[in-house]
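Undergrad: Provide a 3D model corresponding to the input given below.
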Amino acid sequence: MPTRTASDSSGTLRGPPVRHHGLVQKPLLVASDVDGTLLTPDERISPRTAEVIGRVLASGTPFVLVTGRPPRWVPRVAVEAGVSGYAVCANGAALYDIAADRVFRVHGLDPVQLSDLATALATAVPGSLLATERVAETAMGEAERQFLAEPEYQHPWPNPDSAAASRGEVLGKTAIKLLARHPGMTSQEMATAATALLGDQFAVTYSSNNGLIEIAAAGVTKATGLAEVAELLGVERGDVIAFGDMPNDVSMLSWAGHGVAMSNAHPQAKSAADEITGSNSEDGLALVLERWF
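TA: Just a heads-up that it's a prediction; the model follows:
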């Protein structure tokens, strides 16, 4: 497969080798995952990446955040990135208008579906502890607790806004995703077991290697969420470039006209991508976008 070394706008060689399956013309929409892709390992946006995002926006090209995060975790990233358009949240289950602070489309799991999932997981991944992500009309809305978890549920990342609740409470209201945690298994092991039992009745994915799977309504993925946003913006699939690093990005990388995986990406994401760029600590996103912006 052909390789080349990424270069900056002056033509100076820098960064790791970049693998190509084929290039696209100047994209009309840029979509990026957040954690492990847009953000550096210390959860910041590098100056070089911020600069190229600014040039993307100045050209009139939309820059869309596509993340597993819930809407309430998007504003801080959006401010740092300087973006104010749409965000695809919760792996496609919620669409969020950043400037208006409004969740305007939700694909949820109702209490009956959540109960069915809990029963299935008790067979597929016994010993799993559960949590649900809910959504308010505004990202920062406090009308109800938005993240409920069983008392023994252990977060793979800091989550100070979590509320402990009984399983009945966790499953008792519509949620945008169900999270199942099993510290004694890998996320891939959990996903494989859950998918074998659930089939295509629900969408199972993961964005962490730490024994956590995320389950949404059937057919709901980052690709479906991004497709909805592209339609709203009047952009064709072939004119979209998308960046990601984990299995929950695979659908988006495959759907976009040009999918780019980071060098730090999971093998599944790399396999789905048209191109491998530098890591999230090496301005991998900027290395690609600087070809056009």
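
Undergrad: how about the nearest residue to the residue nearest the centre of the chain, chain neighbours excluded?
TA: Within the chain, one residue has its C-alpha closest to the average C-alpha position: by C-alpha atoms, centre = their mean, that is residue 67, at 2.7 Å. Here the nearest residue to residue 67 in space, its sequence neighbours aside, is residue 34; by C-beta to C-beta, 6 or more residues apart in numbering that works out to 4.2 Å. Every C-beta, even on glycine, is put in place using the N, C-alpha and C of the backbone.

Undergrad: and the one you found, what does it touch?
TA: Taking C-beta atoms under 8 Å, 6 or more residues apart in numbering, we find residue 34 in contact with 65, 66, 67, 69, 74, 77.

Undergrad: let's see that with 6 Å instead.
TA: Residues in contact with residue 34 (C-beta atoms under 6 Å, 6 or more residues apart in numbering) are 65, 67, 77.

Undergrad: of all those residues, which comes closest to residue 258?
TA: residue 65 (17.8 Å; C-beta to C-beta).

Undergrad: what pairs with that closest one across the strands?
TA: When assigned by DSSP bridges, residue 65 has beta-bridge partners residue 32, residue 87.

Undergrad: neighbours around it, how many?
TA: 23 (other C-beta atoms under 10 Å).

Undergrad: phi, psi for the closest residue to residue 147 other than its chain neighbours please.
TA: Closest residue to residue 147 apart from its sequence neighbours, by C-beta to C-beta, 6+ apart: residue 162 at 4.9 Å. Per-residue torsions, residue 162: phi -80, psi 150 (degrees, to the nearest 10).

Undergrad: roughly how far does residue 162 sit from residue 151?
TA: 11 Å (C-beta to C-beta, to the nearest Å).

Undergrad: again with residue 257
TA: Residue 257 is 46 Å from residue 151, by C-beta to C-beta.

Undergrad: which one of these two has more residues nearby?
TA: Per other C-beta under 10 Å, whichever of residue 257 and residue 151 has more neighbours is residue 257, with 19 against 9.

Undergrad: circling back to that earlier point, closest to residue 116 among the contacts of residue 34?
TA: Of all the contacts of residue 34, residue 67 has the smallest distance to residue 116: 26.5 Å, by C-beta to C-beta.

Undergrad: can you pull the pLDDT of the closest one?
TA: On pLDDT, residue 67 comes in at 98.

Undergrad: quick one: the residue nearest to residue 67 from residue 88, how far?
TA: Counting by C-beta to C-beta, the gap from residue 34 to residue 88 is 10 Å.

Undergrad: for residue 54, same thing?
TA: Computed with C-beta to C-beta, the distance linking residue 54 and residue 88 is 21 Å.

Undergrad: neighbour count: these two, which is higher?
TA: Using other C-beta under 10 Å, the more surrounded residue of residue 54 and residue 88 is residue 88, with 29 against 15.

Undergrad: ok, residues contacting the helix of greatest length in the chain?
TA: In the chain, with assignment by DSSP state H, the single longest helix is helix 111-124. Applying C-beta under 6 Å, 6+ apart, the contact partners of helix 111-124 are 128, 171, 172, 178, 180, 193, 194, 197, 198.

Undergrad: okay, and which of those map to helices?
TA: Those of those lying in helices (DSSP H): 193, 194, 197, 198.

Undergrad: buried among these? Make that a ChimeraX selection.
TA: Burial among the ones in helices among the contacts of helix 111-124 is assessed by 16 or more other C-beta atoms under 10 Å; the matching ChimeraX selection reads:
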select :193,194,198
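
Undergrad: as a markdown table, the ones in helices among the contacts of helix 111-124 with pLDDT and distance to residue 278 would be great.
TA: Below are these laid out as a markdown table (pLDDT from 0 to 100; distance: C-beta to C-beta, whole Å):
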| residue | pLDDT | distance to residue 278 |
| --- | --- | --- |
| 193 | 97 | 34 |
| 194 | 97 | 33 |
| 197 | 96 | 38 |
| 198 | 96 | 36 |
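
Undergrad: identify, from the ones in helices among the contacts of helix 111-124, the entry nearest to residue 104.
TA: Among these, and counting by C-beta to C-beta, the member closest to residue 104 is residue 198, at 28.4 Å.

Undergrad: which ones are touching the closest one?
TA: Residue 198 makes contact with residue 120, according to C-beta under 6 Å, 6+ apart.
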